[in-house]
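1. Fold the following and give me the result.
(one chain, ligands or ions: 1)
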Amino acid sequence: MATKTDRLTTPDNIVPDETDCEPTYSDKTVSDQLIRFLLPDARARGVIIRATHIFEEANRIHGLNGNIAHLFDQSLLASILLLSISKGGTRQVLQLNSTTSSAPVQMLLTEARQGDVRGFINWADGQTILHHDDGETLSGWLGKPVRFSTVRDLGFGQPYVSSIEHESDFLADHLIHYLHQSVQIRADIVLHGDLAIMIEAMPGCSDDDWFKAVESMAKIPNGVLETASTASILTYFNDLHIKQAGTDAYRYHCDCSPEKMTQAMKSFSPEQLASLADEAGNITASCQYCRSHHIIKLTQIVA
Ligand SMILES: [Zn+2]
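-> Residues are numbered from 1 along each chain as shown. Presented below is the predicted three-dimensional model:
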């Protein structure tokens with residue numbers, strides 16, 4: 001059952017395995033909690049999550065640190081935020097593409113499903129993190145403009161694909177721009193360290209209402225954003241009679257398997273498959289999302 005989204009993401013997530021290392025993926029990951037809330041006095045709603053464990057696991061799996069880890073981790077958060085406002089969405093992909101071949105990072109892809117988030121980075125040929133450990137901003141890694149694409153999967157029918165270009169050094173700006181231009185949603189977003197807060201105007205939200213919500217969020221000091229618990233950060237919205245609406249747990253998790261890899265490889269040409277297989281007729285594929293290695297028999301793919 002090949003869909004548009006499968007073609008967008010799956011061929012890229014299978015690469016010939018070039019390493020001998022053992023799988024680094026662990027299934028014992030701890031979840032972070034996303035809190036959904038309502039701001040009745042501002043006709044707005046929102047979500048907040050501090051993704052400490054997601055960040056730890058993502059950085060461990062991908063061997064990332066410094067600014068690129070930060071950018072990747074915040075992209076994971078961005079896909080969770082997008083999923084949280086996707087009505088009935090079962091899967092939300094966020095893809096950031098460079099529009100210049102000279103940028104060290106060519107693509108950054110993250111994907112959130114209910115409870116799970118995963119992603120990977122496509123580096124430009126010959127580029128490694130070691131050569132670019134001083135890149136500080138989103139444009140430093142991807143150049144500008146950046147093409148911001150989303151795939152929203154409702155679990156039935158064709159996924160909804162949307163793409164827009166924008167220039168900014170801040171991922172939050174790209175998100176706000178996308179939501180406003182492509183989805184006609186008025187939103188404001190804070191991405192600070194491992195914390196994400198998003199507020200969204202609901203139907204009937206006047207300019208005055210929206211200003212109150214944005215003003216409350218802007219008053220949260222950086223020090224609080226950095227270390228405070230999400231519950232205590234939400235007290236900054238007390239004047240708007242904030243109400244908690246529910247919680248969701250998210251973890252960095254990849255659900256790849258030899259069976260899924262085999263399915264995905266059925267779209268490869270016989271020549272491609274032959275070039276990937278060893279003398280014994282096995283293809284060792286590594287998952288770009290979690291770096292697990294799967295050994296697949298050629299005969300299972302062409303069967
Ligand atoms: Zn995987």
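
2. which parts of this protein sit against the ion?
-> 254, 256, 287, 289-290, 292 (Cβ under 5 Å from the ion). The C-beta positions use only the backbone N, C-alpha and C, and glycine is treated the same way.

3. So, low pLDDT: which residues of the stretch 101-250 of the chain?
-> 126-135 (pLDDT under 70).

4. That one: strands as residue ranges?
-> 105-113, 116-123, 146-153, 160-166, 187-192, 195-201, 243-252 (DSSP state E, counting those that start in this stretch).

5. Let's have the residues of the chain next to the ion in JSON lines, adding pLDDT and neighbour count.
-> Output for these, formatted as JSON lines (pLDDT from 0 to 100; neighbours: other Cβ atoms under 10 Å):
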{"residue": "Cys254", "pLDDT": "96", "neighbour count": "21"}
{"residue": "Cys256", "pLDDT": "93", "neighbour count": "20"}
{"residue": "Cys287", "pLDDT": "93", "neighbour count": "23"}
{"residue": "Tyr289", "pLDDT": "96", "neighbour count": "24"}
{"residue": "Cys290", "pLDDT": "95", "neighbour count": "23"}
{"residue": "Ser292", "pLDDT": "93", "neighbour count": "19"}
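
6. Can you pick out the ones from those residues that are in strands?
-> The strands, defined by DSSP state E, take in Cys287 from these.

7. What is the neighbour count of the closest residue to Leu142 other than its chain neighbours?
-> Spatial nearest neighbour of Leu142, excluding adjacent residues (Cβ to Cβ, 6 or more residues apart in numbering): Ser98 at 4.4 Å. By the measure other Cβ atoms under 10 Å, the count of residues near Ser98 is 22.

8. distance of Ser98 from the ion?
-> Plainly put, Ser98 is 24 Å away from the ion if you go by Cβ to the ion, to the nearest Å.

9. returning to what we had before: closest to Asn65 out of the strands of the stretch 101-250 of the chain?
-> For the strands of the stretch 101-250 of the chain, proximity to Asn65 was assessed by Cβ to Cβ; strand 116-123 is nearest, at 13.0 Å.

10. Give the pairing partners of that closest one; include direction for each.
-> strand 105-113 (antiparallel), strand 243-252 (parallel) (DSSP bridges).

11. Hey, what's the angle from the shortest one to strand 146-153? Just curious.
-> So the one you mean is strand 105-113. Orientation check (axes from the mean of the first three to the mean of the last three Cα atoms, to 10 degrees): strand 105-113 against strand 146-153 gives 20 degrees.

12. for Ile242, what are its contacts?
-> 37-39, 234-235 (Cβ atoms under 8 Å, 6 or more residues apart in numbering).

13. out of these, who has the most neighbours?
-> With neighbours defined as other Cβ under 10 Å, the most crowded of the contacts of Ile242 is Leu39; it has 26 neighbours.

14. Same list (the strands of the stretch 101-250 of the chain) but as TSV, adding mean neighbour count.
-> TSV is the format used below for the strands of the stretch 101-250 of the chain (neighbours: other Cβ atoms under 10 Å):
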stretch	mean neighbour count
strand 105-113	23
strand 116-123	22
strand 146-153	22
strand 160-166	15
strand 187-192	20
strand 195-201	24
strand 243-252	16
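
15. that older thread, and the contacts of Ile242, which two are the farthest apart?
-> Spatially, the most separated pair among the contacts of Ile242 is Leu38 and Thr235, at 14.9 Å (Cβ to Cβ).

16. and Ala51, how many residues sit next to it?
-> 26.

17. and it, how far is that from Lys297?
-> Noted for Ala51: a distance of 38 Å to Lys297, by Cβ to Cβ, to the nearest Å.

18. domains of this structure?
-> Residue ranges for the domains of the chain, per automatic domain parsing: 26-252, 258-302.

19. okay, how far is it across the last one, tip to tip?
-> Between the opening and closing residues of domain 258-302 we find a distance of 14 Å, counting by Cα to Cα, to the nearest Å.

20. ok, now stretch 192-210?
-> Counting by Cα to Cα, you get 21 Å between the two ends of stretch 192-210.

21. Residues contacting it, please?
-> 39, 41-52, 54-55, 73-74, 77-78, 80-81, 84-85, 185-190, 213-214, 217, 220, 222, 225-226, 230, 233.
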